[in-house]
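Asker: here is a sequence together with a model predicted from it:
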Amino acid sequence: MSKSVAELEQEARHLPEQERALLAQHLIASIDPGEDVDAEAAWLEEAERRYQAYRQGKVTAKPADQVFREAKSQLK
């Protein structure tokens, strides 16, 4: 008898954080194993646009630890 999705999810939630992340990556890759070339190009363009905005003083930077702290607080 195979386990239900709910049972598998419950078991996965008890894994350490790094193992859950790795499992998620593997599951996503199993759904869409192909590389999205258009997405890669779009992200590169976006990164360049953001970098230029930063260099021109249009945006300011935050320390990484502050960004991660804010992101974690929004996920709770």
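Answerer: Received, thanks. Quick caveat: nothing in here was measured; it's all calculated off a predicted structure.
Asker: quick one, strands of the chain?
Answerer: Under the criterion DSSP state E, strands are not mapped anywhere in the chain.
Asker: would you tell me which helix is longest in it?
Answerer: helix 37-55 (DSSP state H).
Asker: packing partners for that helix?
Answerer: Helix 37-55 is packed against no helix or strand, with contacts defined by 3 or more C-beta pairs under 8 Å, 6 or more residues apart in numbering; DSSP states H and E. Backbone N, C-alpha and C define where each C-beta goes, glycine included.
Asker: pull it out as PDB, backbone CA atoms only.
Answerer: Provided in PDB are the C-alpha atoms of helix 37-55 (Å, rounded to 0.1, in the frame of the first residue of the first chain):
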ATOM      1  CA  VAL A  37      16.800  29.400 -21.600                       C
ATOM      2  CA  ASP A  38      14.300  32.300 -21.900                       C
ATOM      3  CA  ALA A  39      14.000  32.500 -18.100                       C
ATOM      4  CA  GLU A  40      17.800  32.500 -17.700                       C
ATOM      5  CA  ALA A  41      18.200  35.300 -20.200                       C
ATOM      6  CA  ALA A  42      15.400  37.300 -18.500                       C
ATOM      7  CA  TRP A  43      17.000  36.900 -15.100                       C
ATOM      8  CA  LEU A  44      20.400  38.100 -16.500                       C
ATOM      9  CA  GLU A  45      18.700  41.100 -18.000                       C
ATOM     10  CA  GLU A  46      16.900  41.900 -14.700                       C
ATOM     11  CA  ALA A  47      20.200  41.500 -12.700                       C
ATOM     12  CA  GLU A  48      21.900  43.900 -15.100                       C
ATOM     13  CA  ARG A  49      19.000  46.400 -14.800                       C
ATOM     14  CA  ARG A  50      19.100  46.300 -11.000                       C
ATOM     15  CA  TYR A  51      22.900  46.600 -10.900                       C
ATOM     16  CA  GLN A  52      22.800  49.700 -13.200                       C
ATOM     17  CA  ALA A  53      20.100  51.200 -11.000                       C
ATOM     18  CA  TYR A  54      22.200  50.600  -8.000                       C
ATOM     19  CA  ARG A  55      25.300  52.200  -9.600                       C
END
